[in-house]
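J.: task: produce atomic coordinates for the following.
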Amino acid sequence: MSDRIIQTVTPRQLRREFNGVGLTFLVVFALAVGAAFGYQRLVPLLEPYYQTVDRQAAEAGIRIAVTLIVMLLPFQAYATIKKMKTGRFFGRCQGEWRDILELVLIGLALNLLLTFIVGILSLVLSWSNIQFTSSQLILQGKLPAVILNVIQTAVVFPFCEEFIFRGVCLRSFGRMGNYFAIFASSLLFSLMHGNLINILPSFFLGAFLAVVTMRFNSILPAEIIHIAINLQTVALQLVPVQYSWVIGLSCVIIYALALIALIRRRHKRIIVRREANPWILIQQFFLSWAIVITLIVYGVLNILTLKL
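T.: Purely as a prediction, here's the structure:
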């Protein structure tokens, strides 16, 4: 949003825009809760069906379908109301595939660094009997169930999250200011992960993906980077303890390649144009009632991962 537009928009109009996004997140939360309770009521009815198929695979398929509906439908509806053409989110990238590959390597290295920092922080906090529950990828069961769980983690979640945060949210907030759009979309992205100790790492990853999206004017590069990061997380869980040296070797290789990519990109600047005073926008953002409720709801979910 340019300075000219800022002068014609009142704080009330800004809060109305933010409240629309906040309400959409609350709808997602309500649908998720409703789906969870609804599934529990349907389990007795599904038992005869589960006895004839691979139960874990069937449940994984249901989770994928519910995830797509619960996460995408409300934000597609919001985008339609706001007359956003969501097909343009996946528009032609303004850059070369070599640039995307270099950013994938940088993203993988950043994820490893943040994972290492989280591990150290968890260890330090455990000395004070503070622990966090974390969602683990379900790798037990027959091959179809494992494949579906990997697909959900490595493909479905990145697709939905990029559509929401780097698609709808970044485009919506970006009309008011790019710096603010990066901050707000990354903040919501970090809270949606439902783990208190991962808030800061998720925020930095979200900011990185937001800048990449602005650089290429498409969410496709962010989708690719996000999928690569989640596949990396899955791969780290698959490596047996006796082959932990493989993890160390892969980290060295990724860091080396990322360093080369950074050296190659030292003259390539990703320009984020400042279009408005971000502090005014941040103030109105936190004064929007739907945003406040959203932050409280998802913040409480993050706090519940804390075990004293």
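
J.: state the mean pLDDT of stretch 66-85.
T.: Averaging pLDDT along stretch 66-85 yields 96.

J.: what comes up buried for it?
T.: Judged by neighbour count using 16 or more other C-beta atoms under 10 Å, the buried positions of stretch 66-85 are V66, T67, V70, M71, L72, P74, F75, Q76, Y78, A79, M84. (Glycine included, C-beta is placed from N, CA and C.)

J.: so which of the residues you listed sit within helices?
T.: Of the buried residues of stretch 66-85, the ones assigned to helices by DSSP state H are V66, T67, V70, M71, L72, P74, F75, Q76, Y78, A79.

J.: would you mind checking which of those is nearest to L143?
T.: The closest of these to L143 turns out to be T67 (C-beta to C-beta; 21.0 Å).

J.: just give the closest residue to the closest one, not the sequence neighbours.
T.: Of all residues not flanking T67 in the chain, V156 sits nearest, at 5.6 Å (C-beta to C-beta, 6 or more residues apart in numbering).

J.: same check, this time on S172
T.: V21 (6.1 Å).

J.: wait, doesn't that neighbour sit right on L170?
T.: No: the pair V21 / L170 is not scored as a contact, 10.9 Å apart, by C-beta atoms under 8 Å.

J.: who touches both of those two?
T.: Counting by C-beta atoms under 8 Å, 6 or more residues apart in numbering, V21 and L170 have no contacts in common.

J.: any chance of the ones in helices among the buried residues of stretch 66-85 in a markdown table, plus distance to Q284?
T.: Output for these, formatted as a markdown table (distance: C-beta to C-beta, whole Å):
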| residue | distance to Q284 |
| --- | --- |
| V66 | 34 |
| T67 | 32 |
| V70 | 28 |
| M71 | 26 |
| L72 | 28 |
| P74 | 23 |
| F75 | 21 |
| Q76 | 26 |
| Y78 | 19 |
| A79 | 21 |
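
J.: now the helices: where do they sit in the stretch 151-300 of the chain?
T.: Taking DSSP state H, counting those that start in this stretch as the test, the helices found in the stretch 151-300 of the chain are 157-161, 170-174, 178-191, 199-216, 220-238, 244-264, 278-286, 289-303.

J.: export those helices to a markdown table and tack on mean pLDDT?
T.: Listed next are the helices of the stretch 151-300 of the chain as a markdown table, based on pLDDT from 0 to 100:
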| stretch | mean pLDDT |
| --- | --- |
| helix 157-161 | 96 |
| helix 170-174 | 91 |
| helix 178-191 | 94 |
| helix 199-216 | 93 |
| helix 220-238 | 91 |
| helix 244-264 | 83 |
| helix 278-286 | 88 |
| helix 289-303 | 93 |
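
J.: before we move on, the earlier item: let's have the buried residues of stretch 66-85 in JSON lines, adding distance to I225.
T.: What follows is the buried residues of stretch 66-85, written out as JSON lines (distance: C-beta to C-beta, whole Å):
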{"residue": "V66", "distance to I225": "25"}
{"residue": "T67", "distance to I225": "20"}
{"residue": "V70", "distance to I225": "24"}
{"residue": "M71", "distance to I225": "19"}
{"residue": "L72", "distance to I225": "20"}
{"residue": "P74", "distance to I225": "25"}
{"residue": "F75", "distance to I225": "20"}
{"residue": "Q76", "distance to I225": "23"}
{"residue": "Y78", "distance to I225": "25"}
{"residue": "A79", "distance to I225": "22"}
{"residue": "M84", "distance to I225": "22"}
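
J.: picking up where we left off before, of the helices of the stretch 151-300 of the chain, which is nearest N111?
T.: Closest among the helices of the stretch 151-300 of the chain, using C-beta to C-beta: helix 220-238, at 4.7 Å.

J.: contacts for the closest one next, please.
T.: Residues contacting helix 220-238 (C-beta under 8 Å, 6+ apart): 90, 93, 95, 100, 103-104, 107-108, 111-112, 115, 136-137, 139, 150, 153-155, 157-159, 161-162, 166, 205, 209-210, 212-213, 215, 247.

J.: can you pull out the strands in the stretch 1-150 of the chain?
T.: Taking DSSP state E, counting those that start in this stretch to define them, one finds strands in the stretch 1-150 of the chain at 131-132.

J.: got any ranges where it has weak pLDDT?
T.: 1-8, 130-140 (pLDDT under 70).

J.: how far off helix 289-303 does the longest helix along the chain point, in degrees?
T.: Using DSSP H, we find that the single longest helix of the chain is helix 11-50. Orientation check (axes from the mean of the first three to the mean of the last three C-alpha atoms, to 10 degrees): helix 11-50 against helix 289-303 gives 40 degrees.
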